[in-house]
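>>> Curious how this folds, go ahead:
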Amino acid sequence: MMLINPFFVNPSGMPKVLELLFNTTDDGAIVDSVGSHSPSLSPSGTRHVVGNKLVMDSGGFIRADAQNTSSSDFDFSVGDFSVECDVFVTADSAYIWRHTDNDSNSGLTLKLPFNSNRIIMQNDAAVSILSYDSPTSLVNTQFTVKVERISGRYALSINGTEVDTTSSVYTGLGGNGFIIGHLGSSGGITTIDNFIVRKS
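Numbering: from 1, shown residues only. Below is the predicted model:
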């Protein structure tokens, strides 16, 4: 049996506050390895584990935590944070994740905005904070994406390489949990793995 240390701190000094590895049987329960949060499934659409990855389609998504549930773990108004995951999408309209205040106020949103080479992170006013235009398509290609804010500096990394940064000050980042997947958008098939949030 593998033991998981919920107090693991990564080298940057930020502890994990949410870790969704999807290491379960096909269609098995989705568990936060840190043990602090309770993922739940959307009422409809495809959203299940296949081959130790989260697969979503037809408007399916998962939440961590439930709608309008606040947690200091997800308060990004102060301090440092990072959100990272492995992604595979089949359409350029895919929402990867949203850090929400509620379903009508998305907070931070990471998505491919109808452009197979472009990925953006924006706030609740749809102001782009970070973006990247890849020389090759991000559709039908697995990649690891990470966004972080360290000491006021935002950074977007693809496959371990920083591709955009800014030190501008932004509001409207969201204060509750995450929607992972397609709330309000079909966006083709999205596959997510190793979804990890860190906060200090």
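>>> In space, what's closest to Ser40 - neighbours in sequence excluded?
Arg63 (5.0 Å; C-beta to C-beta, 6 or more residues apart in numbering). (Each C-beta comes from the backbone N, C-alpha and C, glycine too.)
>>> beta partners for the residue nearest the centre of the chain?
Most central in the chain under C-alpha atoms, centre = their mean is Trp97, positioned 4.1 Å from the mean C-alpha point. Partner residues in beta bridges with Trp97: Leu110, Ile180, with DSSP bridges as the criterion.
>>> Lys111 versus that one, what's the distance?
9 Å (C-beta to C-beta, to the nearest Å).
>>> likewise Arg98?
When C-beta to C-beta is the yardstick, Arg98 and Lys111 sit 8 Å from each other.
>>> if you count what's nearby, which of those two comes out ahead?
Here Arg98 and Lys111 are set side by side on neighbour count (other C-beta atoms under 10 Å), and the busier one is Arg98, at 25 against 21.
>>> Which residues are in contact with the more buried one?
Applying C-beta atoms under 8 Å, 6 or more residues apart in numbering, one finds that Arg98 lies in contact with 106-110, 174, 178-179, 183.
>>> which of the residues in the helix or strand encompassing Val145 are buried?
When secondary structure is defined by DSSP states H and E, Val145 falls within strand 143-150. Along strand 143-150, the positions that meet the burial threshold by neighbour count (16 or more other C-beta atoms under 10 Å) are 145-149.
>>> with those in mind, which one is nearest to Ser72?
Arg149 (16.2 Å; C-beta to C-beta).
>>> so that closest one touches Ser77, yeah?
No - shown here, Arg149 and Ser77 do not form a contact pair, counting by C-beta atoms under 8 Å, at 10.8 Å.
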